[in-house]
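> I would like to see how this sequence folds:
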Amino acid sequence: MSDIFFTEAGQAPVPPQEVRIRELEAAPRPDGLRIQVRIDITPFQLRPNVEAMIVNEAGQPLATVSVVEAIDPIMEFVMHLRQQRTPGRYTLKARVFYADIEAQQTENPLEASSGELLNKAKQVVHEHAIDFTIPEA
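Next comes the predicted model:
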């Protein structure tokens, strides 16, 4: 039996293919190197996986975070940029997915890495992105 959490009265959890990102927020901290991130997804029947990535204007990844089998539909965390403070425009990308890794395993466990197995098994159900700005100091 799965754990079901209700966040609002009258809001029933949805099956995996209906899970969506309802809100995505990125708020730079005053130092310009840490970004407060908030991801709000629909209540779910099965625990989803969530990935978030911050990229610069050139599309280079600067920070990533992965949540495996989320428990709560509202997640908040701080992402640390791997660079010096650089004012400008950035993008926060988030995706919600499910993965049946066991179905991807072969008879030879050394044939593929866990990352390769995850990428093969990944079934993305929703993606969303927002832009934000890090101001001059």
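
> Rank the helices and strands of the protein by mean pLDDT and give me the bottom one.
Among the helical and strand segments of the chain, the one scoring lowest on mean pLDDT, DSSP states H and E is helix 101-104, with a mean of 62.

> Any idea how many residues pack against Pro135?
Pro135 sits with 9 neighbouring residues when counted by other CB atoms under 10 Å. Using the backbone N, CA and C atoms, a C-beta is placed for each residue, glycine as well.

> Now it: closest residue in space, sequence neighbours ignored.
The spatially closest residue to Pro135, leaving aside those adjacent along the chain, is Pro87, at 5.9 Å (CB to CB, 6 or more residues apart in numbering).

> Okay, that neighbour and Pro15: tell me how far apart.
43 Å (CB to CB, to the nearest Å).

> Need the pLDDT of the nearest residue to Gln11 once chain neighbours are set aside.
Nearest non-adjacent residue to Gln11, counting by CB to CB, 6+ apart: Pro43, 5.7 Å away. Pro43 is assigned a predicted lDDT (pLDDT) of 96.

> Quick check on Pro43: phi, psi?
When quoted as degrees, to the nearest 10, the phi and psi of Pro43 stand at phi -60, psi 140.

> Find the nearest non-adjacent residue to Val14, please.
Using CB to CB, 6+ apart, the nearest residue to Val14 is Thr42, at 5.4 Å.

> on that earlier part again, correct me, but the residue nearest to Gln11 touches Ala12?
Yes - when contacts are counted by CB atoms under 8 Å, Pro43 is listed as touching Ala12 (7.0 Å).

> Who are the contact partners of the residue nearest to Val14?
With contacts defined as CB atoms under 8 Å, 6 or more residues apart in numbering, Thr42 is in contact with Pro13, Val14, Glu18, Val19, Arg20, Arg22, Pro73.
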